[in-house]
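Visitor: Model the structure of this input:
(chains A and B)
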Amino acid sequence: MSHNASINDATPASDQTSSDAQASATPAPVLEVSGLAQRVASGEGRLTILEDLELAVQAGESVAIIGASGSGKSTLLGLLAGLDSPSEGDIRLFGSSLAGLDEDGRAALRAGQVGFVFQNFQLLPTLTALENVLMPLELAPQGDIEAQARDWLTRVGLGERLDHLPRHLSGGEQQRVAIARAFVAGPGLVFADEPTGNLDTATGERIAELLFTLNRERGTTLILVTHDLTLARRCDRCLNLEAGKLVEWNDEASAPAVATPQGGDDV
Amino acid sequence: MSESRVSDRAATSSANAQRPRGARLPLALRGLLRDLRASDVRALFLALMLAVAATTMIGFFLDRLDRGLNRQASQLLGGDLVLESSNPLDPRFAEAFRAAGLEMSPQLGMVSMASHGDSFVLSSLKAVSPGYPLAGRVELESDASGEDAQAPGTSSRAEIPPPGEAWIVPRLAMALSAEVGDTLTVGRKQLTISGLITREPDQQGGFSEFSPRLMFNMEDLDATGLIQPGSRMEYRLLAAGDPAAVQQARDAIAPLLASADNAEVRLKDVREDRPRLGRSLERADKYLSLAGLVAVLLAGVAVAMSTRRYVERHLDSAALWRCFGASQRQLSRLFAAQLGWLALLASTGGAVLGLLGQMGLVALLERFLPLELPAPGPLPLALGILTALAVLVGFAGPMLLRLRQVSALKVLRRELAPLPASAWVVVAIASLVFGALMWLYSGDLMLAAGLLVGGIIALGLLMVVGQLLLSLMLKVVARMRGQGGWSRPIRLAGGMLARRRGASLGQLVAFAVTFAAMALIALVRGDLITRWQAQIPTDAPNHFAINIQPGEQQAFGEQLTAMVDEQAGDSQSELYPMVRGRITALKGESLLGRTQQRLQAAQSDQPAAGGMQEGRSDEGDGEQQGVPQRELNLTWHRDLPDHNRLSSGEWAPISDFADADSETRSRLAATQGVPVSMEEELAERMGLVIGDSLSFTIGSETVKAQVVNLRHVDWESFLPNFYVIFPPGALESFAHSYMTAFHLEDERKLAPLVRDYPSVSLINIDAILTRVQELIAQVSRAVELILGLVLLAGASVLYAALVASRPAREHEGALYKVFGAGQGLLARLQAAEFVLLGLLSGLLAAMLAEGAAVGLYSGWLGLPVVLHPWLWVLLPLAGGVLIGGLGFWLSREVRRQPPMAGLRALQ
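Guide: All right, here's what the predicted structure looks like:
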């Protein structure tokens, strides 16, 4: 079946470029952030959410970003993915700087290279599971996209539910569709914003398992935002967002500000 | 809601625990005013305002007309009892009226030429006598300036034109190039113009619109020489008095009316027989109201769409209220109050629009309105508010009810989508409410019920076809496999349109109805006029001459022939004699004594444009069992006229009769009857076949006739056409006049004819045609005004649809951007979606318009069915451009947003 070849062998174009450019040197980070700052106007004045933030993520890593409610985790994720523009600083994705790019340029960078998993699944309610998974493929098609989509849905255990609409799927099932959608185009990097936030513990556990399996099998870089420490501990690295900066966090260090069991959105 | 409001509310709610209702109103109003910032509330407001504007505009106009007509019904008629006949009235009628103590005024009407210098104009003459008018007053232009037409020896303005003088309408003065003080000639009499009529209290119908009024004193009638044995006049006797006297008179003349001698006398009574104008207005009333209701329907759809969005938005706050302890009832009352205020505000705005609109209607139709309209009354306003409320309840009610039932849990479990109200419930309730509105406005339960059922069926059909179109489109776009610039967006857009079936269908149908309505009016207007004009051959007669006296006809014919210049394109038909007669027996059975049905058709005896048609009996004509009740124009001719065609039978018996000697003729006439040729459609209606006999009463004598052949007549040939043709030698002894038709390029040649033959009436067909065209154009414009509202309502549906779908579009757009779609692709995607929607709507509209036209033409207007292929190209294109452009432009905000905001849109 052609899908094997197309998915497994798809390499992000920029990875090839970077590896060409630096044949023997350490591979460039998939994500590189320097001097990132984000301020927003809010009521009486300006609110500083992120301040002078640094980050570098290597290919294949799994990184968790934790922090208290309102610390700006989701905002950071949005910036990293180029969904929003920072007040200051530089973000380099696959070696290309987002700073010089406009909305369209950032979108072009994302196409086929970046996947997303959201806390509330964000499936299109009028599309079936199969069609939802097809979406990123339609934007960067290669080969038989329907077969690829079907294959992925089977892989996440929803092979029988291809034609179901999101409202006919449970939370966990919807998230699995979302994961299939995130991975289907063979991206080099997947962002996940509270992927288990809306799920019960057992389902959340299964979703987490799926994510990390895919991360291991495909070498897809995974950047997670979460308040769930158990999930965070499974990642290669764990960073705590505190006072607008990222700080390495490990179990032995002081516990971060306690996360609330139910997540609302951050700013 | 900001913090300050929270404390306000806390304060008011605790302080008003004992008086919950009073304090909540200001809160509701405040809430509403804040809410007006939201696009769904704006859409709701707009839609309601349009609904009210549509109904109040028509309501105000018709209400004013109605009240005016009622107020002046008798005045319009000319009296409480009016007798009309084409022959001099039996003097016993006047005796009966006098005995009952009624005031009387005899009158004479006819159409003839008035001339001044070189100008001559066909005028509607009215000879009046002292006592006229029995109600109201003739208003003259000089009244305003203060210089009155003085009757000799009186100090105040005369009620009627004094002998030797004439009052004319300004239009006639213009046409004659004359002014007050000039002399004009009517027949053989010269009259001085002493007044310009601005308002005539009584409106006799028929061609008064086409021929301008000339009023003069009855004493001058003889001097004009217009009363000739064959002339066509209308004798009238007007009477007025108190109800008891009127009733007494009515009883007294009943036997007279029933008698055979007075068979063609018509009695008009203000109680039973409103002026024809009034009846047509009743019908117009219904249809206008229904047209306005289309706008209301569309507005209702817009309301339904924006309510959905409204409910979604307020679901969260409603849930929060419930968390804080509000009961379902409190919640309902709060929302009901808010929406009540919305309805009230929208009604006010709509009523203002409606007032302005009806002023436009009045201005457009002023020339056809018989009277001055009283000021607008409050009733239509009340109806307008009622309509707004009804629309709100009907179209938004079921969804709003959901707000009551929201549970506090909704706040916590954010992934639950709000439960939509069952679509069937919405449709059912909306239909009921709309049906009630239709009944209210048309006053006709059967009509309303029929239209409602018909409308629902039509709607169902439209949805089915719309569904098919969507599926078809899906198949078509799915084939677009290319990855090029437009094929992907089109494919994706088509898919989205087809998937969002409910919303897409609703929008499709709403737009289709709007486009179809506009197309239909343009179609009908164009077809009517085009077809009519196309019928007329270029060398068709442009003049008719009637009332040519027997002694004159040879000379007239010769003079006319001398004028006709065939090189220049002139032509001339023969001179045809005309006798008035009524059919009084069919196949040996007398028709007299049967109950005389009230005649409904125009009793005007003037030749209509389009040939000398006897008022080709349509449904409205006075026919009893197919037999025309009024007098027919009978003619005689030895041979088959050139422009007629024999469809069955032989012509020989007629020419034989003509050639036979008088003895043979008398014998034939007494036994079998005079052989006559009959027009085939009339024969069919009367159930006559070749060989059947019938009798005509002419004057006081009876002529027996036998049908020997049937003819096919082309009524639209503009040549003299007759239902019945006798042979020469049968009717010459009766009083008759001649008529002919001709085409003259140079009208000035007619001047000597008019001078030399003053009793002859020359009718200018071109002028009539132009007037009719103007009439149609004017009325169409009025209807278009109303349909303009329909179009606006359709636009409000588009707006509401966009508003309702905005969060979904934002969400979609954001997700597409997240996964890498650029703005260009997104723009093309949205453009494709709207253009596709517009194309499909246009296609559906073309189907609807064409179908409706077929029904309208064959069923109601009696025109042959014509297809309009250009419609099928124009409407889809127009739809694509209009909706594509508008939708694309209105959704530009969505495209510009960065993805993060869009992702939040559904929350």
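Visitor: Enumerate the residues of the stretch 101-250 of chain A near chain B.
Guide: Within the stretch 101-250 of chain A, the positions near chain B by C-beta under 8 Å from any C-beta of the partner chain are A:103-104, A:107-114, A:116, A:118, A:120-122, A:124-127, A:131, A:135-136, A:138-141, A:167, A:171, A:198. Any C-beta I mention is one placed from the backbone N, CA and C, and that applies to glycine too.
Visitor: Can you name the residue of chain B nearest to chain A?
Guide: Residue nearest to chain A within chain B: B:Gly820 (2.6 Å; C-beta to the nearest C-beta).
Visitor: ok, now which ones touch that residue?
Guide: B:Gly820 is in contact with A:107-114, A:136, A:139-140, counting by C-beta atoms under 8 Å, 6 or more residues apart in numbering or on different chains.
Visitor: mind listing the strands for the stretch 401-550 of chain B?
Guide: The residue ranges that make up the strands of the stretch 401-550 of chain B, judged by DSSP state E, counting those that start in this stretch, are B:543-548.
Visitor: for it, what are the low-confidence residue spans?
Guide: B:403-424, B:442, B:481-484, B:521, B:524-525, B:528-539 (pLDDT under 70).
Visitor: Output the longest helix belonging to the chain.
Guide: Reading this off chain A. helix A:201-218 (DSSP state H).
Visitor: Chain B, not that one
Guide: Chain B, longest helix under DSSP H: helix B:765-818.
Visitor: got the angle between it and strand B:543-548?
Guide: 140 degrees (axes from the mean of the first three to the mean of the last three C-alpha atoms, to 10 degrees).
Visitor: Check whether helix B:765-818 comes near chain A.
Guide: Yes. Helix B:765-818 is in contact with chain A by C-beta under 8 Å from any C-beta, via B:808, B:811-812, B:815-818.
Visitor: State the next helix or strand along the chain beyond that helix.
Guide: In the C-terminal direction, the helix or strand that comes right after helix B:765-818 (DSSP states H and E) is helix B:823-855.
Visitor: thinking again about what came up before, I'd like the mean pLDDT over the longest helix of chain B, please.
Guide: The average pLDDT within helix B:765-818 is 74.
Visitor: quick one, that helix and helix B:823-855 angle?
Guide: 150 degrees.
Visitor: Which of the three states applies to the residue most central in space within chain A?
Guide: Note on chain A: the residue nearest the mean C-alpha position is A:Phe191, at 0.5 Å, using C-alpha atoms, centre = their mean. Under DSSP: H, G, I helix; E, B strand; the rest coil, the three-state class of A:Phe191 is strand.
Visitor: Please apply the same query to A:Ile49.
Guide: Assignment for A:Ile49 (three-state DSSP): strand.
Visitor: quick one, what contacts it?
Guide: A:38-40, A:72, A:75, A:244, A:267.
Visitor: swap in A:Ile145?
Guide: A:134, A:137-138.
Visitor: any chance of those residues in CSV, with pLDDT and secondary structure too?
Guide: Shown next, in CSV, are these (pLDDT from 0 to 100; DSSP: H, G, I helix; E, B strand; the rest coil):
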residue, pLDDT, secondary structure
A:Leu134, 85, helix
A:Leu137, 82, helix
A:Glu138, 75, helix
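Visitor: coming back round to it: if you rank the contacts of B:Gly820 by neighbours, which is first?
Guide: Highest neighbour count within those: A:Pro136, with 30 neighbours (other C-beta atoms under 10 Å in any protein chain shown).
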